[in-house]
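[1] Sharing a model prediction with you, sequence too.
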Amino acid sequence: HGSLLHLLFNMFTLWMFGSDVERSLGAKRFLSFYLITGVCAALFHLLFNAHSAHPVLGASGAIYGVLVAFALLYPEREITLLLFFVLPVHLKAKYLAAIFMAISLVAGIQSQITGAGEGIAHLAHLGGGLAGLLLLRGGAVVHSFMFEYRKRRQWRQMGNQKQRENRLSAQRRQIDELLDKINQVGYANLTDHEKSILKKAAERLSNDM
C-alpha cells in the first residue's frame, strides 16, 4: 500500500463489507473471489497503462470487487457514511456501489485523456468491480443469454416447420385440383406447366419412398 492510511482504509472497508460477503460465499470461495478480483484489477489497469512507469500498490481493486459483491448480495442494505467525516449520509448498498463504480469510470477515462491520475489507479478499481460483477453474475448472464438463444432458435425452427407444412398443404391442394381436372377433361388437356407440376410431385413421392 502507498501509506498506512491507505492500508487502514482498505482493511476497514474489507471488514465492513467483506464479513457479510464471506458468510454468503463461504471462506474458501471468498478467498478465491478476493484474489481473483485483485489480479483482474491489476490486469485491467495494465491493459490501459502498459507503458506507465508508475507502480500500482494496494488491494483497492479487490476491495471494489468486495463492494460490488456486497451490493449484489444485499442490494437493499442501508449504509451510513460520514460525508466530510461529519455529515451522515444514508445510501442503499446498490446505489453506493453504483456511485463508486461511476466515479472510477469517469476518473479513469479522464486520467487516460489527461495523463494525470492523481496517484490513484481508478481503472484498477473499475476492473476489480467489474470482475466481482462477472464472478457473481456472469454465470446468470450467460445462462440467460443461452436460454434466449435456444428459445429464439426453437421459434425459428417452429416457424420454418410451419412454413414447410403450409407449402406442402398448398402443393397437395394444387395436385388435388389437377387430379380433379384430369378426371373431368383428361391428362392430354393439361397445360405443359400443369404436367410439369404433376411430374415433380411424382418424383418427390418416389424419392420419399
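    Structure received.
[2] tell me which residues of the one helix or strand residue 102 maps to are tucked away?
    Here residue 102 sits within helix 93-114, counting by DSSP states H and E. Residues 93, 94, 96, 97, 100, 101, 104, 105, 107, 108, 111 are the ones in helix 93-114 that count as buried (16 or more other CB atoms under 10 Å). No exception for glycine: its C-beta is placed from N, CA and C like everyone else's.
[3] Looking at those residues, which is nearest residue 150?
    Distance to residue 150 across the buried residues of helix 93-114 (CB to CB) is lowest for residue 94, with 30.1 Å.
[4] ok, the closest one to residue 38 distance?
    Per CB to CB, to the nearest Å, residue 94 is found 23 Å from residue 38.
[5] if we can go back for a sec, residues in contact with the helix holding residue 102: which ones?
    Contacts with helix 93-114, where a contact means CB atoms under 8 Å, 6 or more residues apart in numbering, come from 48, 64, 67-68, 70-71, 74-79, 81, 91, 117-118, 120, 122-123, 125-126, 129.
[6] Which secondary structure elements does the longest helix along the chain sit against?
    Assignment by DSSP state H gives helix 122-185 as the longest helix of the chain. With contacts defined as 3 or more CB pairs under 8 Å, 6 or more residues apart in numbering; DSSP states H and E, helix 122-185 has these neighbours: helix 27-48, helix 60-73, helix 93-114, helix 192-208.
[7] if you compare those, which one is most tucked away?
    helix 60-73 (a mean of 26; mean count of other CB atoms under 10 Å).
[8] Let's see that one as CSV, backbone CA atoms only.
    What follows is helix 60-73 as a C-alpha-only set of coordinates in CSV (Å, rounded to 0.1, in the frame of the first residue of the first chain):
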residue,chain,number,x,y,z
SER,A,60,-8.2,-1.4,-3.6
GLY,A,61,-9.2,-3.2,-6.8
ALA,A,62,-10.1,-6.3,-4.8
ILE,A,63,-11.9,-4.1,-2.3
TYR,A,64,-14.1,-2.7,-5.1
GLY,A,65,-14.8,-6.3,-6.1
VAL,A,66,-16.0,-7.0,-2.5
LEU,A,67,-18.1,-3.8,-2.5
VAL,A,68,-19.8,-4.8,-5.7
ALA,A,69,-20.4,-8.3,-4.4
PHE,A,70,-21.9,-6.9,-1.2
ALA,A,71,-24.2,-4.7,-3.4
LEU,A,72,-25.3,-7.7,-5.4
LEU,A,73,-25.9,-9.9,-2.4
